[in-house]
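1. starting from these lines, generate the structure:
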Amino acid sequence: MDWIYTGRCWKFGDNLAVDADLTKKEFASQRETRPEVLREFCMCGVDPDFPKKVSPHDIIVAGRRFAQGNPHIQGLLGIAALDLGLVVESIPRGSYRNAINAGLPFLAHCEGVTKECETGDELRVDFSTGVLENLTRGTRKSYEPPSKEQLDIIALGGWKAMFAKRIATMRAEGTIPAA
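-> Down below sits the predicted model:
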């Protein structure tokens, strides 16, 4: 996995909700998880045209309590499906886990990061080391990256891929019978 993303900054404020801001609320009750569907509604509650504006390896930068509310994975799957990175000042515990489960490269505890950039700035983020460079401003900040174990899950593409790998390993070891 390429841990270094270089792309445009998309800055958002505080208190963005999983349901209604990050994606359509009904996707949670419908249990929608198809990336090709979710990516079309990424950030639709704050910018309905967002999926048409972004490019792979662009980076969402947001304030406190990003993905607050019910810990549904759909909005984070939509961000991952667009191949975006995420850097936030804070994120609730359930959404933190769901970012990992979605296979989304992210930095979660980046105090003051929204003061470091504006929408349109060119950023380079190394999600494995926590280094964020604002190429437009010529600044560099270091934040705490996810743990090695969390990075391993993200690198595989999230919980589903990690689970499949675990089952394959157990079958190869003879721990569980072949399907």
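2. what sits up against the longest strand seen in the chain?
-> Using DSSP state E, we find that the single longest strand of the chain is strand 4-11. Contacting residues not belonging to strand 4-11 are listed as 43, 50, 53-62, 84-85, 105, 114, 117-127, 134-135 [C-beta atoms under 8 Å, 6 or more residues apart in numbering]. To be clear about C-beta, it is placed using only N, CA and C from the backbone, and glycine gets the same treatment.
3. can you rerun that using 7 Å?
-> The set of residues that contact strand 4-11 without belonging to it, under C-beta atoms under 7 Å, 6 or more residues apart in numbering, is 54-55, 57-61, 85, 105, 114, 117-126.
4. report the rounded mean pLDDT for it.
-> Over the span of strand 4-11, the pLDDT mean works out to 98.
5. sheet partners, orientation included, of it?
-> The strands that strand 4-11 pairs with in its sheet are strand 59-62 (parallel), strand 122-126 (antiparallel) (by DSSP bridges).
6. hey, C-alpha coordinates of the longest one in CSV?
-> Put plainly, it is strand 122-126. Extracted C-alpha coordinates of strand 122-126, given in CSV (Å, rounded to 0.1, in the frame of the first residue of the first chain):
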residue,chain,number,x,y,z
GLU,A,122,-1.5,20.9,-1.9
LEU,A,123,-0.7,18.4,0.9
ARG,A,124,1.5,15.4,1.3
VAL,A,125,0.7,13.1,4.1
ASP,A,126,2.6,10.0,5.2
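7. all set, thanks.
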